[in-house]
Every structure is written in structure tokens, then in C-alpha cells.
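**Student:** no sequence on hand, only this structure:
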Ligand code: SF4
């Protein structure tokens, strides 16, 4: 396979064939994110994407999942995306699911009818980074949308009956807005009722605006205990229908997981146990980084 630069994919796409439909991220401004900093965003030609699919076929006998990278591949015109999905069907008849990263803006740029068409052509899951439900924090991190747009985008994916997987980041409001982050994120998530939630914990990476803010003490990081208290605030407020919740990424201090709302008490119990963990305040040793 041929790839440009570093690749990123959701954990659940670990065994998928990854094909770059875009290079980089259309937003590429979020203050905490270093993922696509080295790449200038562009949409690849459909011809080149199809060539990569053919290369993938030559390399792999069985491909059950395909993930269209990089950031925000849903920005591609529906007509072109449909061509790509049709090619996937022909080249990989055994493929059961095609996944894609999508920004809220790109989702809102498509009609529900277009999204339904994409689903019927094989688009099987959309991953959207919500990060926070707080308007204030969304503005501070330069996400490029507010919480109402985020909700509208999430609802649109659900309306098109495409499974929706979202990520949020604990600690993204720092000490100052921790509780606001927990409360407002629960509000937004409840409105969109996603199928999957991945709750990561903030990692500050060199080369980002946030790194400078932490260095200059404009942003105060949460302690591991504060992260868990914020998570408790968030989980307590969730009211979801059969949503798989995972907070077991290497960035997390304590692994949490369950199906909401059914397992809410179990997750709150996991948090309670986490809060009692010896040495929790030493923090970083709990991350599997
Ligand atoms: S967080 Fe997502 S939208 Fe923001 S720059 Fe990174 S990849 Fe792009």
C-alpha cells in the first residue's frame, strides 16, 4: 500500500484496510491536536483512491472492513464518494463495513438524502470528534463549530441511520472549565444519542497551541483525580439508549466501559474504585503510553 505521512484511525479500525481518500484534516486548527500538522489538506483524485483499493486487493485476500482516512473524508462530494463505495463493493465483495472520519461541517454540508444514499452504498460508520459540548471550550479549542451545529450534525447521521461514533476529551476545559465541560458534554451527547462514545483524556503534545498555553500557565491541567471527578459528572448526566461507552484508551488513567444507560451504575462504580486507587495522584504511571 502507499501512504502519505502518518496515518490515524479509530481503535475499532485496527484490522481494517486503510485507504487515504483525503490527506490531512480540513480543519487542522484545533489547539490541542498535532495529528495532521505536517500535511496541507487536500482531497485525493478518485482515480488514485481506486488505484489504492486495487493495490489493497493485491495484498490482502480477505478485507472485511475498510477505513477511509485521513481527517474528514466525508468532505468529498457525494457523487465521488458514491463512486468510491461502488468500487469497494466490486473490488472487495466480502467487505462488511466502510468507516469514515467526518467533521460536523461536512456532515451538515450533505442532505439527509445524500447520507442515506451513502449508507445504502456501504458507508457503515461515521466517526465524529465532538471533543466538548461546551460552546466556550469549543471556541477556545478552535473547533470551528458550536454545540448546536455539533448536535445537528450528530442527529443528521442518526437520521440517515448510519452508526455514529463520537469522541470526547476529558480535561479539555482545564481546571477552570472542568465542570462546565462535564455538564455541557453530557447535554450535547444526550441530544445526539450516539451509538458509541470514546472518552479520551487530554494529552498535551509539543508543537500545539495548547502546549504553549500549558507552558505559560494559561491552561491548568487536571490531576488524574480531577479527571475522574469530571468523568463522574459527565456519566451521571448521560441518558442514552444502548450506547457503547469506552474510556480505555492508552491516554486514560482508569479504564472504564459499559453500555449506557444499562451499565451506568457499573461505570460509576468503576469511577469510584478508580478514585480510591493508591498513587492515583502520581498519575502518569497509570497511562499506558
Ligand atoms: S481535532 Fe480533528 S478536526 Fe481538529 S485538527 Fe485534529 S483532526 Fe482536525
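**Tutor:** Looks like it came in fine. The shown structure was predicted, so the numbers you read here are calculated from the model rather than taken from an experiment. Numbers count the residues shown, from 1 in each chain.
**Student:** can you give me the strands for the stretch 101-250 of the chain?
**Tutor:** Taking DSSP state E, counting those that start in this stretch to define them, one finds strands in the stretch 101-250 of the chain at 123-131, 164-170, 196-201, 243-247.
**Student:** strand partners (parallel or antiparallel) of the first one?
**Tutor:** According to DSSP bridges, the neighbouring strands of strand 123-131, each with its direction, are strand 97-101 (parallel), strand 164-170 (parallel).
**Student:** JSON lines for these, including mean pLDDT, distance to the ligand and mean neighbour count?
**Tutor:** (Glycine included, C-beta is placed from N, CA and C.) Formatted as JSON lines, the strands paired with strand 123-131 follow (pLDDT from 0 to 100; distance: least, Cβ to the nearest ligand atom, whole Å; neighbours: other Cβ atoms under 10 Å):
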{"stretch": "strand 97-101", "mean pLDDT": "98", "distance to the ligand": "7", "mean neighbour count": "24"}
{"stretch": "strand 164-170", "mean pLDDT": "98", "distance to the ligand": "9", "mean neighbour count": "23"}
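**Student:** residue 227: which of those is closest?
**Tutor:** Closest to residue 227 of the strands paired with strand 123-131, according to Cβ to Cβ: strand 164-170, at 4.9 Å.
**Student:** what comes into contact with that closest one?
**Tutor:** Strand 164-170 is contacted by residues 10, 12, 32, 125-133, 154, 157-158, 181, 185, 189, 192, 194-202, 222, 227, 230-231, 234, 247, 252 when judged by Cβ atoms under 8 Å, 6 or more residues apart in numbering.
**Student:** kindly recompute the last result at 7 Å.
**Tutor:** For strand 164-170, contacts defined as Cβ atoms under 7 Å, 6 or more residues apart in numbering pick out 10, 125-132, 154, 157-158, 185, 194-202, 227, 230-231.
**Student:** run through those and flag the ones next to the ligand.
**Tutor:** Among the contacts of strand 164-170, the ones lying near the ligand by Cβ under 6 Å from any ligand atom are residue 129.
**Student:** look up how far the ligand lies from the residue nearest to residue 145 when sequence neighbours are not counted.
**Tutor:** Among residues not flanking residue 145 along the chain, residue 104 sits closest, at 4.6 Å (Cβ to Cβ, 6 or more residues apart in numbering). As defined by Cβ to the nearest ligand atom, to the nearest Å, residue 104 lies at a distance of 9 Å from the ligand.
**Student:** state the pLDDT value of residue 249.
**Tutor:** Reported pLDDT at residue 249 in the predicted model: 79.
**Student:** give the contact list for the nearest residue to it once chain neighbours are set aside.
**Tutor:** Spatial nearest neighbour of residue 249, chain neighbours left out: residue 200 (5.0 Å); criterion: Cβ to Cβ, 6+ apart. Each residue near residue 200 by Cβ under 7 Å, 6+ apart is listed here: 167, 169-170, 249, 251-252.
**Student:** wait, residue 252 touches residue 203, no?
**Tutor:** No. Residue 252 lies out of contact with residue 203 (Cβ atoms under 7 Å); the separation is 10.2 Å.
**Student:** between the two, point out the one with more neighbours.
**Tutor:** More neighbours surround residue 252 than the other of residue 252 and residue 203, with 23 against 16 (other Cβ atoms under 10 Å).
**Student:** give me the element the more buried one is part of.
**Tutor:** Under DSSP states H and E, no helix or strand contains residue 252.
**Student:** identify the residues contacting it.
**Tutor:** Residue 252 touches 200-201, counting by Cβ under 7 Å, 6+ apart.
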